[in-house]
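> mind folding the following:
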Amino acid sequence: MILTFGHTKGGVGKSMLALNVAVERIRAGVDTLLIDGDPRQTSVSKAIAVRGESGQEPPVPCIVLEDARTLRQQVGLLRPKYQDLVIDVGGKDSSALRSALLVTDVLVLPVAPESVELWAIDDVVEVIEEAQALHPFRVLVVLNRAKSSGQDNADTRAMVAEYPQLTMLAPSIGHRSVFSSAFGRGLSVAEYRPANAKAISELRAVLAALSS
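Numbers count the residues shown, from 1 in each chain. Below is the predicted model:
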């Protein structure tokens with residue numbers, strides 16, 4: 001399966017989710033390759049480099065394919081060699097994002113319960129519709145940085161439900177600092193110590209939903 005973590009907006013948690021999913025797939029015995037499709041190469045590939053330098057097991061294979069044409073070609077060649085390809089693309093309407101959508105099975109779209117992020121949904125849906133006209137794929141929305149109280153989470157879910165192209169997953173990821181702490185070390189929250197039981201439970205629920 002090819003999973004692309006993307007959005008036309010930056011800072012929504014794409015790289016964090018991509019790393020966690022790739023690491024946990026590998027820890028579960030799934031032969032997985034993580035692909036950094038961000039031409040800035042400032043996030044997921046650097047986090048994996050930190051992981052490698054620390055000697056953390058298991059190793060996570062990660063390559064950088066920032067050129068749009070190369071990304072499409074190489075994903076086609078790599079697909080038979082791995083059970084899963086996890087692609088992280090930069091947070092903007094880029095040629096890399098559009099190329100990834102032409103080869104992906106699933107787009108994972110993180111959305112936070114913040115007005116500025118909800119305003120960006122129209123932009124990414126336009127890109128999704130253009131890509132789906134050429135290549136069918138599912139779009140699964142993850143509520144990221146969910147709030148512990150208040151109406152914002154429910155309001156966000158209601159807004160996402162207005163778009164027939166989007167499927168909101170039931171589990172969500174809370175606004176927890178452990179996710180950024182783990183990411184900076186190239187770890188999933190399930191590997192990070194001291195363990196955060198709530199964060200681990202949230203991640204496992206999202207993983208199960210992505211696999212269903």
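> what lines up beside the host helix or strand of I173 in the sheet?
Using DSSP states H and E, I173 sits within strand 167-174. Sheet pairing for strand 167-174, assigned by DSSP bridges, gives strand 138-146 (parallel).
> avg pLDDT for the strand it pairs with?
What strand 138-146 shows for mean pLDDT is 97.
> now do it: everything it contacts.
With CB atoms under 8 Å, 6 or more residues apart in numbering as the test, strand 138-146 has contacts from 12-13, 17, 105-114, 128, 153, 156-157, 160, 165-169, 171-175, 206, 209-210. From N, CA and C alone the C-beta is placed, and that goes for glycine too.
> make a ChimeraX selection of the buried ones in these.
To isolate the buried subset of the contacts of strand 138-146 in ChimeraX, counting by 16 or more other CB atoms under 10 Å, use the following:
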select :12,13,17,106,107,108,109,110,111,112,113,128,153,156,157,160,166,168,169,171,172,173,174,206,210
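> which residue ranges of the chain form strands?
Under the criterion DSSP state E, the chain contains strands at 2-5, 32-37, 62-64, 84-89, 106-111, 138-146, 167-174.
> pull the contacting residues for the residue lying closest to A131 once chain neighbours are set aside.
Nearest residue to A131 in three dimensions, chain neighbours excluded: L101, at 3.7 Å (CB to CB, 6 or more residues apart in numbering). Residues in contact with L101 (CB under 8 Å, 6+ apart) are 4, 6, 107, 127-128, 131-132, 135, 137.
> same for the least confident helix or strand in the chain by mean pLDDT, what does it pack against?
Lowest by mean pLDDT, DSSP states H and E among the helices and strands of the chain is helix 115-118, with a mean of 73. Packed against helix 115-118 by the contact rule (3 or more CB pairs under 8 Å, 6 or more residues apart in numbering; DSSP states H and E) you find no helix or strand.
> tell me the buried residues in it?
Buried residues in helix 115-118 (16+ other CB under 10 Å): 117-118.
> what sits up against that helix?
By CB under 8 Å, 6+ apart, helix 115-118 touches 9, 12, 111, 156, 159.
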